[in-house]
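Enquirer: Starting from these lines, generate the structure:
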Amino acid sequence: MSSTLESSDRILGKNIEFHRFGLICAVLLVVGCLGGLAVGLGAVQHVGALTLVVIPTMATLSLLLAVAPMKYIFTAGTVSVVVDILLIAYYLIA
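Expert: Residues are numbered from 1 along each chain as shown. Sure, this is the predicted structure:
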C-alpha cells in the first residue's frame, strides 16, 4: 500500500509543472498588484522600502520570463508577497 503512495512534494511538483501557465497568470497578478499597492501606499517615498519591494518583485518576474522551474518561481513569489504584505500593513497603520 505504501508503494502506491507518493510523497506530497512529488505530487505537488507534478501538478505545479502540469498547470504551469495557469499558475504563472496567478503569480503575475498577485505579485504585480501587491507590489504596486505597496509602492503606492508609501514605499515610493523611502529608498530602502522601495528597494525591498522592487528586488523580490523583479526577481519573480525575471524567473517567470526565464521559464525557470516553478519551485524557484513560487519561492521568489512567496518572498515578494510576504514583503509586500508587511509593508502594506505598515503603511496602513502608520
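Enquirer: At which residues are the strands of the chain located?
Expert: Counting by DSSP state E, the chain forms no strands at all.
Enquirer: Can you tell me the centre-most residue of the chain?
Expert: The centroid of the chain falls nearest to residue 77 when counting by C-alpha atoms, centre = their mean (1.4 Å).
Enquirer: That one contacts residue 60, doesn't it?
Expert: Yes. Residue 77 is within contact range of residue 60, at 4.9 Å (criterion: C-beta atoms under 8 Å). (C-beta placed from N, C-alpha, C; glycine too.)
Enquirer: show me the contacts for the residue nearest to the centre of the chain.
Expert: 27, 30-31, 60 (C-beta atoms under 8 Å, 6 or more residues apart in numbering).
Enquirer: ok, now with 6 Å
Expert: Contact partners of residue 77, counting by C-beta atoms under 6 Å, 6 or more residues apart in numbering, are 27, 31, 60.
Enquirer: any idea how far the closest residue to residue 94 other than its chain neighbours lies from residue 54?
Expert: Sequence neighbours aside, residue 42 is the residue nearest to residue 94 in space, at 7.7 Å (criterion: C-beta to C-beta, 6 or more residues apart in numbering). For residue 42, the distance to residue 54 (C-beta to C-beta, to the nearest Å) stands at 14 Å.
Enquirer: and the nearest residue to residue 39 once chain neighbours are set aside, what pLDDT?
Expert: Excluding the flanking residues, the one nearest residue 39 by C-beta to C-beta, 6+ apart is residue 53, at 5.7 Å. Looking at residue 53, its pLDDT reads 94.
Enquirer: Ok, residue 36 next?
Expert: Confidence score, pLDDT, at residue 36: 94.
Enquirer: same question, residue 71
Expert: 90.
Enquirer: cool, and the one 10 residues further on?
Expert: In the prediction, the pLDDT value recorded for residue 81 is 96.
Enquirer: For it, give me its contacts.
Expert: Going by C-beta under 6 Å, 6+ apart, residue 81 touches residue 34.
Enquirer: Quick check: buried residues in stretch 53-60?
Expert: For stretch 53-60, a neighbour-count test (16 or more other C-beta atoms under 10 Å) marks 53, 56-57, 59-60 as buried.
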